[in-house]
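*Asks:* Can you look at this prediction? I've put the sequence above it.
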Number of protein chains: 2
Amino acid sequence: MKPEFLFVPGPVNVPRRVALAEARDVIYHRGEEFAELLKSVDAKLKRVFRTENTILYFTSSGTGAMEACVANLLNSNDEVLVIEGGKFGQRWRELCQAFHVKHHVITLDWGRAIHPQQIAEALDKHPTISALFIQLSETSTGTVYDLESIAKITDKRDILFIVDAISGLGVVPLEPDKWGVDCVIAGSQKSLMVPPGLAFVSVSERAWQRVAKSDLPKYYWDFNAAKKNLYFTPFTPAISLIMALDEALNIILEEGVENLLAHTELYARATRAAVTAMGLKLFSERPGAVCTAISVPVGLNSKEILEGLRRDFGIKISGGQDHLKGKILRIGHIGDIGPKDLFGVIAALELTLHKLGYKLELGVGVRAAMEVFAES
Amino acid sequence: MKPEFLFVPGPVNVPRRVALAEARDVIYHRGEEFAELLKSVDAKLKRVFRTENTILYFTSSGTGAMEACVANLLNSNDEVLVIEGGKFGQRWRELCQAFHVKHHVITLDWGRAIHPQQIAEALDKHPTISALFIQLSETSTGTVYDLESIAKITDKRDILFIVDAISGLGVVPLEPDKWGVDCVIAGSQKSLMVPPGLAFVSVSERAWQRVAKSDLPKYYWDFNAAKKNLYFTPFTPAISLIMALDEALNIILEEGVENLLAHTELYARATRAAVTAMGLKLFSERPGAVCTAISVPVGLNSKEILEGLRRDFGIKISGGQDHLKGKILRIGHIGDIGPKDLFGVIAALELTLHKLGYKLELGVGVRAAMEVFAES
């Protein structure tokens, strides 16, 4: 297979150190060595999560951990609020439907951000709501929500605050313990720079009290079983991915958690400047660091852009999902990406658009990105 | 970490070719290349499954796929039969409990095999039972069940026949299409020689009809979603493990599916001859090819045996689970193990027992194993 450099919002390019750690001899997951490994991973991962809450480990995609939250945190009588501003908010709604949980939905036009006041109003209107399900980064549209303000609303009302931070963890500011976020969900294949297959959930004390009352069916996702077997995990885990995660966390901590956040924000800022200079329109009302969503210019075909980048430059960026298919492009800023790669993808995008007849002064995007770097 | 050679019934030693395939560049799972890869994996995996039924792919441990079967194949009104002869039969029971499904259990002393007649009697007694959940290899005791005879009973009664073949697939005879097994569950970390993290379920036409009627809650495990997105999978899959699986299947097909089964059976036969010659007792009534379970000799401490093998020889074998902890040892025969490794583990076991004061003529076990090879 022809190699492709991934500028998508996950899965991401995996550093060679991490790939080779993944290829190491598999160790037995019921031995003390495995528990030592996971304990060490856990201490490091807590620094990226910025939490002292328990983190549970699941072998699954991030969606599995989202399902785990619904199945473990809720009682069949509960009433919840879901923010649906894209493909991943939709997933919260579908999960509530699957588990027959009564749910109120605030639906946003895809690309819009939730205004904290809308949440306060919904909670005032329906005082029986006991939990809020939301994204940190709604990556289908490149939008980041203002969770710090929202936390102020949920915290004083005893509303369980559950955040899908699958794509945003580590690269979008999130302070679960300071703000009072009860559960944070993440996955291995985003800023953690590991291939997909591991999902994580941090669980606050308030959340554990809800777990004790939950009557929804679960087995594989059972939080209590996961807590009881914390450093062994209840079922055979993806051992090689945990070995890879250990090495990826070493890299992240060598760079520094703050620097990971800062460099990703810088990449996103530079990309926004670049595409704006190229005359392209940002799709999101509140764009974040995970990926930059751009509206496909009128007269151009997104498929041809994606294919050109792939064919001529070995670069993979994302298109839109569901009704945004063909309407937007998304350039990811997470994973093993350096500044030179960022300049490269912008140049490649310029050349591809140019070849397809889009009018632009070649180099205008790269220069705008460089200026952001020069000023930073 | 000190390397350990795994003679456990999973996870297994991974061939270096497979480990390096796992370390390759991650490809994007929404591109055609990924679909081509999974299509190729699927064609090869069907040859190991010996089925033409649809195979569904889950990123999870095998237990996840077991839960998927309960959640997708049953209706809340269904009544099922569970065979509980060890840790994994117990898991079927616990899954039925978790999903509030009415279940009848045939409980066997751990180490005993189910007699097909017991199943016929239970089905006669409870004609409302519509599904049977069982293991191919109950690996907590090293016992293999006679599924061919059992299939004759379920097939003529329209009983859905669901088999956990997680440890047994590929090394214990199983002919789903010939016998009429509706669902076969397997995992990546057993005879398929891949690290853990992938689970598979084959689904017969009869089973799909039940899926259509199922009302139990599911989302991540949804069979219909998995079928709809067959070669993409509905949620981000463990891409690197699928690349590893592709290479592992190449190795298995180079050796030949029949030869994988034959060599594993030979290893198990040789091991049984060896431990018997050493004066040890086989624990299982019907031992199979996945692992050989041995009763710990009176006066010896299983922990000391396991630690001696680990410390002096870098060898990891398994002890017992739950109430069999301290009572049995299990030597696995699956994964990347050659004849020399088999002779080696037997010699190491002899020396370890000898050192701990067990009376035996050194070499008696190895010689017995060699004789089995000489005659084969």
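*Replies:* Sure, I can see it. Because the structure is a prediction, the values reported are computed rather than measured.
*Asks:* hey, let's count contacts and neighbours off CA atoms from now on
*Replies:* OK.
*Asks:* Check the nearest residue to A:I346 once chain neighbours are set aside and give its pLDDT.
*Replies:* Excluding its sequence neighbours, the residue lying closest to A:I346 (C-alpha to C-alpha, 6 or more residues apart in numbering or on different chains) is A:V366, at 6.0 Å. Reported pLDDT at A:V366 in the predicted model: 98.
*Asks:* quick one: A:D42 from A:G62, how far?
*Replies:* Remark: distance between A:D42 and A:G62 (C-alpha to C-alpha, to the nearest Å) = 17 Å.
*Asks:* These two - which one has more neighbours?
*Replies:* Applying other C-alpha atoms under 10 Å in any protein chain shown to A:D42 and A:G62 shows that A:G62 carries more neighbours, namely 29 against 20.
*Asks:* which residues touch that one?
*Replies:* With contact taken as C-alpha atoms under 8 Å, 6 or more residues apart in numbering or on different chains, A:G62 is in contact with A:I166, A:I185, A:A186, A:G187, A:L198, A:A199, A:F200, B:T236.
*Asks:* Equivalent analysis for A:Y231, please.
*Replies:* Contacts of A:Y231 by C-alpha under 8 Å, 6+ apart are A:F34, A:A35, A:E36, A:L38, A:K39.
*Asks:* and chain B, which of those residues reach it?
*Replies:* When C-alpha under 8 Å from any C-alpha of the partner chain is applied, no member of these is adjacent to chain B.
*Asks:* Below-threshold pLDDT in the stretch 1-150 of chain A: ranges please.
*Replies:* Scanning the stretch 1-150 of chain A with the threshold set as pLDDT under 70 gives A:1-2.
*Asks:* quick one, helices of it?
*Replies:* A:16-22, A:32-49, A:62-73, A:87-98, A:116-125, A:147-155 (DSSP state H, counting those that start in this stretch).
*Asks:* Could you look over these and pick the most buried one?
*Replies:* With neighbours taken as mean count of other C-alpha atoms under 10 Å in any protein chain shown, the helices of the stretch 1-150 of chain A reach their highest mean count in helix A:62-73, at a mean of 25.
*Asks:* for the closest residue to A:L160 other than its chain neighbours, which residues make a bridge with it?
*Replies:* Excluding the flanking residues, the one nearest A:L160 by C-alpha to C-alpha, 6+ apart is A:A131, at 4.3 Å. Assessed by DSSP bridges, A:A131 has beta-bridge partners A:V80, A:L160.
*Asks:* for the contacts of A:Y231, which one is nearest A:V70?
*Replies:* Within the contacts of A:Y231, the smallest distance to A:V70 is 25.1 Å, found for A:L38 (C-alpha to C-alpha).
*Asks:* ok, now which ones touch the closest one?
*Replies:* With contact set as C-alpha under 8 Å, 6+ apart, A:L38 has these partners: A:Y231, A:F232, A:I242.
*Asks:* re the thing from before, could you point out which of the contacts of A:G62 is nearest to A:D25?
*Replies:* A:L198 (18.6 Å).
*Asks:* A:R269: what's its closest spatial neighbour, skipping adjacent residues?
*Replies:* In this structure, A:R269 finds its nearest non-sequential neighbour in A:V372, 7.3 Å apart by C-alpha to C-alpha, 6+ apart.
*Asks:* Distance-wise, check the one you found relative to A:A270.
*Replies:* As for A:V372, its distance to A:A270 is 5 Å (criterion: C-alpha to C-alpha).
*Asks:* again with A:E258
*Replies:* From A:E258 to A:A270 the distance is 18 Å (C-alpha to C-alpha).
*Asks:* what's the answer for A:A199, then?
*Replies:* Per C-alpha to C-alpha, A:A199 is found 30 Å from A:A270.
*Asks:* which one of these two has more residues nearby?
*Replies:* Higher neighbour count among A:A199 and A:A270: A:A270, with 26 against 22, using other C-alpha under 10 Å.
*Asks:* Hmm, that one is touching A:M370, no?
*Replies:* Yes: when contacts are counted by C-alpha atoms under 8 Å, A:A270 is listed as touching A:M370 (7.3 Å).
*Asks:* shared neighbours of these two, which are they?
*Replies:* With C-alpha under 8 Å, 6+ apart, A:A270 and A:M370 have no common neighbours.
*Asks:* ranges for the helices of the stretch 151-300 of chain A?
*Replies:* Remark: helices assigned in the stretch 151-300 of chain A by DSSP H, counting those that start in this stretch are A:176-179, A:205-213, A:223-228, A:239-255, A:257-277.
*Asks:* any idea of the mean pLDDT for the last one?
*Replies:* With pLDDT averaged residue by residue, helix A:257-277 scores 98.
*Asks:* how far out from the middle of the chain is it?
*Replies:* Distance of helix A:257-277 from the chain centroid (C-alpha atoms, centre = their mean, to the nearest Å) equals 16 Å.
*Asks:* Which of the helices of the stretch 1-150 of chain A sits closest to A:V298?
*Replies:* helix A:87-98 (23.7 Å).
*Asks:* and the angle for the closest one with helix A:62-73?
*Replies:* For helix A:87-98 against helix A:62-73, the angle by axes from the mean of the first three to the mean of the last three C-alpha atoms, to 10 degrees is 40 degrees.
*Asks:* which other helices and strands contact helix A:87-98?
*Replies:* Contacting helix A:87-98 under the criterion 3 or more C-alpha pairs under 8 Å, 6 or more residues apart in numbering or on different chains; DSSP states H and E are the following elements: helix A:62-73, strand A:79-84, strand A:102-107, strand A:129-135, strand A:137-138.
*Asks:* want to throw the ones you listed into TSV with distance to B:D155?
*Replies:* As requested, the helices and strands packed on helix A:87-98 are exported to TSV (distance: least, C-alpha to C-alpha, whole Å):
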stretch	distance to B:D155
helix A:62-73	34
strand A:79-84	44
strand A:102-107	41
strand A:129-135	46
strand A:137-138	49
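*Asks:* and A:N53, which of those is closest to it?
*Replies:* Between the helices and strands packed on helix A:87-98, helix A:62-73 lies closest to A:N53; by C-alpha to C-alpha that is 14.8 Å.
*Asks:* Now find how far off-centre that closest one is within its chain.
*Replies:* With C-alpha atoms, centre = their mean, you get 15 Å for helix A:62-73.
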